[in-house]
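Participant: task: produce atomic coordinates for the following.
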Amino acid sequence: MTQTNLRASLQQADPVCGRILVVDDDPGLLRLLSIRLRAEGYDVEAVETAAEALAALPQFRPDLVITDLRMENMDGIGLLKEVQRQRPGLCVLLLTAHGTIPDAVEATQTGAFGFLTKPVDKQQLLDHVERAMRVSGLPHKENEWNSGLITRSPVMEECLQQAQRVANMSTRVLITGEHGTGKELLARAIHRASSRRGQPFVAVNCGPMTEGLLELELFGRDRGALSGARPAHKGLFQAARGGTLFLNEIGDLPRRLQGVLLRVLQEEWVRPVGGSEAIPFDTRVISATHQDLGELVLAGDLREDFFYQINVVNIQLPPLRERREDVPLLVENFLAQIATEAGQERRVYAPEAVEFLVAHEWPGNVRQLYNVVRRNAALSVTQVISAEQVRSTLGVQAASSLPSFSEVRDEFTRNYLSQLLQITGGNVSHAARLAKRNRTDFYKLLGRHQLIPDRFKQAR
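Facilitator: Next comes the predicted model:
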């Protein structure tokens, strides 16, 4: 699978303008704000209490929160503080009556993005929202910066939000994650979301090349090098000038070159191999690795000062096994792309086959999933790809499905009860009080999960 094919297969359809969580205990105003924002293309979740807002926060993943200042139980300030705790950097816009303007001004000094007075002027609302989206790093609708990435995973969406925030900064970014998680795709997305998007994006893998060849590729060769026996060579720093240089597998960079690159990053000058004059550059450097660089530093294989130079902002991409909800989306997208390439009717997976795909551990992550889907589509003699075909491709280990909700709940309950009995030395009355259950119910739970208190008394 080529990087071009993988990028093409991850196209995301119908990107939204941004997600906004609106909180107000006035149903009429809540409806009006929702209508105005949805008319501008925003995805809106409207709730009437701070408690509902906090419940929606992890699922809806808003780019902006708009909340009334005065509400019962928890007011807008309390909600602001809790949002700051759960989602640092998320913009919160306060709605306030004229009598509470001083409170709103004070709130902006403690982290609120701004405030609007009621009745809310439509244009002021949209202006504030647009500014907040820019602060959040959300690009304009016409700039589909993340068109190469598709997800519904909160963990992955948090990575994309971090990428948005740093896109227009000169801050160096280190992207970490296992092989096949999409580190180069994210680096390209950051480049597209930045003001450098019209300039080159140049990628190099620091692993496969010898030290001498890698040095030559990065920094180039002066015309007079080696007594003129070889022609001048333009290095990648020069080729990416004004744009982005992506250094993949930075952990494999030889220690001597770490020192050379450290000076380059500190001084922002590149000296070609064999050259006498340094050349200034304006190039953003994004690095990536599947290794634990902290361990490499401890082992002496990576310079500590170099590590701090490249690791200003770290974005950790999750493995596919931690974002299983994305597997069906990715599979559907891969099948559509494969059908378009082959000019044939799109294949589909049987429901049981999708369960196997979701349950698999995917050590090779998205890249491995792509290859499996491509193989299944190529070898299937019918339009429907069977569970048996998936089982054959993945091996017998893939035949086990995810545990059911009941199984997971029972396992958790049994472990919890066992811990209580261990803590109390098998004292059922004490354990029931810790669990905030009456003694009779607690005995029933123990019987259901086949736990004998006396055994815990002996263990203690």
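Participant: go through stretch 44-64 and flag the buried ones.
Facilitator: 44-50, 53-54, 56-57, 60-64 (16 or more other C-beta atoms under 10 Å). Heads up, the C-betas are built off the backbone N, CA and C, glycines and all.
Participant: please narrow those to those residing in helices.
Facilitator: Cross-referencing the buried residues of stretch 44-64 against helices under DSSP state H gives A50, A53, L54, A56, L57, F60.
Participant: hmm, which two among the residues you listed are most spread apart?
Facilitator: Distance extremes for these: the farthest pair is A50 and F60 at 14.4 Å, using C-beta to C-beta.
Participant: need the ones in helices among the buried residues of stretch 44-64 in CSV (columns: pLDDT and distance to R87).
Facilitator: As requested, these are exported to CSV (pLDDT from 0 to 100; distance: C-beta to C-beta, whole Å):
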residue, pLDDT, distance to R87
A50, 90, 14
A53, 91, 11
L54, 90, 10
A56, 87, 12
L57, 86, 7
F60, 83, 11
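Participant: how about the strands in this structure?
Facilitator: Shown for the chain, the strands assigned by DSSP state E span residues 19-23, 43-47, 64-68, 91-96, 114-117, 173-176, 201-205, 244-248, 269-270, 279-280, 284-289, 313-316, 348-349, 384-385.
Participant: residue contacts, the closest residue to E157 other than its chain neighbours?
Facilitator: Spatial nearest neighbour of E157, excluding adjacent residues (C-beta to C-beta, 6 or more residues apart in numbering): R61 at 5.1 Å. Counting by C-beta atoms under 8 Å, 6 or more residues apart in numbering, R61 touches R19, P154, E157, E158, Q161.
Participant: domain-wise, how is the protein divided?
Facilitator: 19-136, 154-316, 321-399, 405-459 (automatic domain parsing).
Participant: now the end-to-end length of the second one.
Facilitator: When you say that, I think you mean domain 154-316. This stretch, domain 154-316, spans 13 Å end to end (C-alpha to C-alpha, to the nearest Å).
Participant: and the average pLDDT for it is what?
Facilitator: In this model, domain 154-316 carries a mean pLDDT of 86.
Participant: ok, the closest residue in space to V202 that isn't next to it in sequence to Y349 distance?
Facilitator: With C-beta to C-beta, 6+ apart as the criterion, V202 has its nearest non-adjacent residue at 3.9 Å, and that residue is A240. With distances taken as C-beta to C-beta, to the nearest Å, A240 is found 41 Å from Y349.
Participant: please apply the same query to L320.
Facilitator: Distance, L320 to Y349, by C-beta to C-beta: 16 Å.
Participant: and if you look at E48?
Facilitator: 41 Å.
Participant: mean confidence score for whichever helix in the chain runs longest?
Facilitator: Secondary structure of the chain per DSSP H: the longest helix is helix 405-424. With pLDDT averaged residue by residue, helix 405-424 scores 82.
Participant: packing partners for that helix?
Facilitator: Helices and strands touching helix 405-424, as assessed by 3 or more C-beta pairs under 8 Å, 6 or more residues apart in numbering; DSSP states H and E, comprise helix 428-435, helix 439-448, helix 453-459.
Participant: nearest approach to V372 belongs to which of the ones you listed?
Facilitator: For V372, the closest of the helices and strands packed on helix 405-424 is helix 439-448, at 40.4 Å, according to C-beta to C-beta.
Participant: what average pLDDT does that closest one get?
Facilitator: pLDDT averaged over helix 439-448 gives 86.
Participant: where do the helices sit along the stretch 251-400 of the chain?
Facilitator: Here the stretch 251-400 of the chain has its helices, by DSSP state H, counting those that start in this stretch, at 255-267, 293-299, 304-310, 327-342, 351-359, 365-379, 387-394.
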